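Trainee: sequence and predicted structure are below.
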There are 2 protein chains.
Amino acid sequence: MDPHLLRTFVAVARLGSFSGAARDLGYTQSAVSQHIAALEGDLRTELLTRRPVRPTAAGARLLEHAGPLLLRLDAARADVARLAVAPPERITLAASPLALGPRTLTALPATGVTLRVMPRAEIPAAVATGAVDLGLVDGLAAPSDPLRLPDVAPLTVTGVGEDELAVLLPAGHPLAGRSALRLADLGDARWLDAPEAGIPLPAVRAALGMPGCRPSLRYDGTDLQTLYALSAAGHGLTLLPHRAAASVPPPAVAVPLSTPRLVHRTELLTPHTPTPPATALAHRLTTGA
Amino acid sequence: MDPHLLRTFVAVARLGSFSGAARDLGYTQSAVSQHIAALEGDLRTELLTRRPVRPTAAGARLLEHAGPLLLRLDAARADVARLAVAPPERITLAASPLALGPRTLTALPATGVTLRVMPRAEIPAAVATGAVDLGLVDGLAAPSDPLRLPDVAPLTVTGVGEDELAVLLPAGHPLAGRSALRLADLGDARWLDAPEAGIPLPAVRAALGMPGCRPSLRYDGTDLQTLYALSAAGHGLTLLPHRAAASVPPPAVAVPLSTPRLVHRTELLTPHTPTPPATALAHRLTTGA
DNA sequence: GACAGTTACGCCCAACGTAAGCATA
DNA sequence: TATGCTTACGTTGGGCGTAACTGTC
């Protein structure tokens, strides 16, 4: 189970082709063939069908492990490297779209920071592998409970804020006139599925305890304006932190959701040993100035 | 970052000796030296001080990653192997001490199962690496919230029960006479630290929101009778599932803890593709018969 | 017959053991 | 001086590329 073999395996599985993976990795087709043969020999199982090239059941199992495994390997290397190399003068902060509240935005220094908005699911890995220096992630949680993040590597997690929730509705929606909503009001609503920009539907389902809630249109992208516009156009509801309600454009309405059990939480992710400039920015973000 | 090198590195760090690790791994001392040199060369950093042999800062960082990494590697191999080999006729169930309630105990079939009680922290890894077939783990959680388990590998987690909490006290304790306790009553109590048998103190602290609660004697072991005896002898309080109160021997008393925010939860851990007999047992355990 | 994965073979590097070197208690 | 890690060196096995082979569309 040499990581090289594993890397080749995922490339072949992803591309569905030995020769493609070879091109991708800078090997010859023959080497890739030998890699796969070596892996299959080691595990005494066929991992791929040939013609067409597709993972077998065992291969699919292995693929599930290979991703996190290779990620942790990169994370380990990055973590050790951080101690040795000179800290960068420019640091980059990754944030999920809804993690950027006014408090964090004003806490950013005037210079030296690159802000990168990315899908929430990619942020832990980006911080772990050193692709970015810090990460801001948002999500649903019980009050003062930490978020459930995939532990791709030992990361330090700090809460930076909790907000009430609000529901985004089109102006003409039957519930749009209410001053506040309860969970019971939302039982048969249709929800936008926007895992990158909004809150992933599985998380909504789990947190709200609505196993049946049906998805509507899906939006893959990190642009909040698009999310708001989709909701305004009647494609489904979305959860928001209440503080974001102010920036919702007119055709849509944000109504507070009154539930004591849930908050919108945002957290700061840092490596265990951040570089000094990253530590400084982390401090500004957590203390609010 | 060959896993072999990593394995050698953790062995050296653990034993504090190159020659010791060599003996342990079946290498020559020279090979171990070359392994470490190769790792250090690859990462361009000193990982160990020699004489005495101790991890450097970078080495300590790497050690934090190496354990989970090697564990996942074993888990991947075990997961794939499970699909290929014949399912065992005898299956073993690992359980943390407090996870064994009367319901699960009566659900066990008369034959074909080996029950192994082990520290809660080792159970996910044991299931992942195939050392055991199924795992029962207990812990503190918000009602209907899953437990926070280290994700050593993709495991399937199923809730099998939730209980009220109780506090174990010595009979003479000032609070022992009460019919129920609240969190506020426990602010300045001293707690037994028994991470293997009872609930780990950090978890208690986090769940109860008592950052200051002070530990008392520590007990490393999985024997509940010992835990009860220590508490009865006045060494500190412990949390229990309320259903366990019945089996507490006389010199100690279990008083219900009334808090809507917390329950004692037990969950069943299975690999994603359990063997058929494991699936059968899992079904008995989750359905209660 | 063309495309794509496999196998044969040769080269080279990398990993190991043996044994000599060297630093520290 | 002894213990224990490092370095030198020779051997072996494994990984890669070239090229011939084979199976499938």
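Mentor: That came in fine, so what should we check first? Numbering: from 1, shown residues only, chains lettered A, B, ... in the order given.
Trainee: when you work out contacts or count neighbours from here on, use the C-alpha atoms and nothing else.
Mentor: Noted.
Trainee: shaky segments in the stretch 51-200 of chain A?
Mentor: A:175 (pLDDT under 70).
Trainee: what about the residue of it found nearest DNA strand D, how many neighbours?
Mentor: Nearest residue of the stretch 51-200 of chain A to DNA strand D (C-alpha to the nearest atom of the strand) works out as A:Arg51 at 5.6 Å. A:Arg51: 8 surrounding residues under other C-alpha atoms under 10 Å in any protein chain shown.
Trainee: now do it against A:Ser17, distance only.
Mentor: Per C-alpha to C-alpha, to the nearest Å, A:Arg51 is found 9 Å from A:Ser17.
Trainee: what about stretch A:146-161, how long is it end to end?
Mentor: 11 Å.
Trainee: cool, and stretch A:269-276?
Mentor: 15 Å.
Trainee: mind listing what's buried along that stretch?
Mentor: Buried residues in stretch A:269-276, counted by 16 or more other C-alpha atoms under 10 Å in any protein chain shown: A:269-271, A:274-275.
Trainee: also stretch A:155-170?
Mentor: So stretch A:155-170, judged by 16+ other C-alpha under 10 Å, has buried residues A:155, A:157-170.
Trainee: what helix or strand does A:Leu5 sit in?
Mentor: For A:Leu5, the enclosing helix or strand under DSSP states H and E is helix A:3-15.
Trainee: so that helix versus helix B:3-15, what angle?
Mentor: 130 degrees (axes from the mean of the first three to the mean of the last three C-alpha atoms, to 10 degrees).
Trainee: just give me the neighbour total for whichever residue of the stretch 101-250 of chain A sits closest to DNA strand C.
Mentor: Taking C-alpha to the nearest atom of the strand, DNA strand C has its nearest neighbour within the stretch 101-250 of chain A at A:Thr129, 23.3 Å off. Residues contacting A:Thr129 under the criterion other C-alpha under 10 Å number 22.
Trainee: name the nearest residue to it, sequence neighbours excluded.
Mentor: In this structure, A:Thr129 finds its nearest non-sequential neighbour in A:Ala75, 4.2 Å apart by C-alpha to C-alpha, 6 or more residues apart in numbering or on different chains.
Trainee: do the same with A:Phe18
Mentor: Here the residue nearest A:Phe18, using C-alpha to C-alpha, 6+ apart, is A:Val12, at 5.5 Å.
Trainee: surely the one you found is in contact with A:Gly20?
Mentor: Yes: A:Val12 sits in contact with A:Gly20 when judged by C-alpha atoms under 8 Å, with a separation of 7.3 Å.
Trainee: between these two, which one's more packed in?
Mentor: Neighbours of A:Val12 and A:Gly20, each counted by other C-alpha under 10 Å, are more numerous for A:Val12; the result is 25 against 18.
Trainee: now for the helix or strand where A:Gly139 lies, which elements pack on it?
Mentor: When secondary structure is defined by DSSP H and E, A:Gly139 falls within strand A:134-141. Here strand A:134-141 touches strand A:91-95, helix A:123-128, helix A:201-208, strand A:263-271, going by 3 or more C-alpha pairs under 8 Å, 6 or more residues apart in numbering or on different chains; DSSP states H and E.
Trainee: now do that strand against strand A:91-95, angle only.
Mentor: Using the same axes, to 10 degrees: strand A:134-141 against strand A:91-95 is 20 degrees.
Trainee: now strand A:134-141, how far from the chain's geometric center?
Mentor: 8 Å (C-alpha atoms, centre = their mean, to the nearest Å).
Trainee: quick one: name whatever helix or strand follows that strand.
Mentor: strand A:155-163.
Trainee: and whatever helix or strand comes next after that next one, which strands flank it?
Mentor: Counting by DSSP H and E, the element after strand A:155-163 in chain order, helix or strand, is strand A:165-170. Strand A:165-170 sits in its sheet next to strand A:238-241 (antiparallel), strand A:252-257 (antiparallel), going by DSSP bridges.
Trainee: just give the closest residue to the spatially most central residue of chain A, not the sequence neighbours.
Mentor: By C-alpha atoms, centre = their mean, chain A has its centre lying nearest to A:Ala121, at 1.5 Å. Nearest residue to A:Ala121, sequence neighbours excluded (C-alpha to C-alpha, 6+ apart): A:Glu196, at 7.5 Å.
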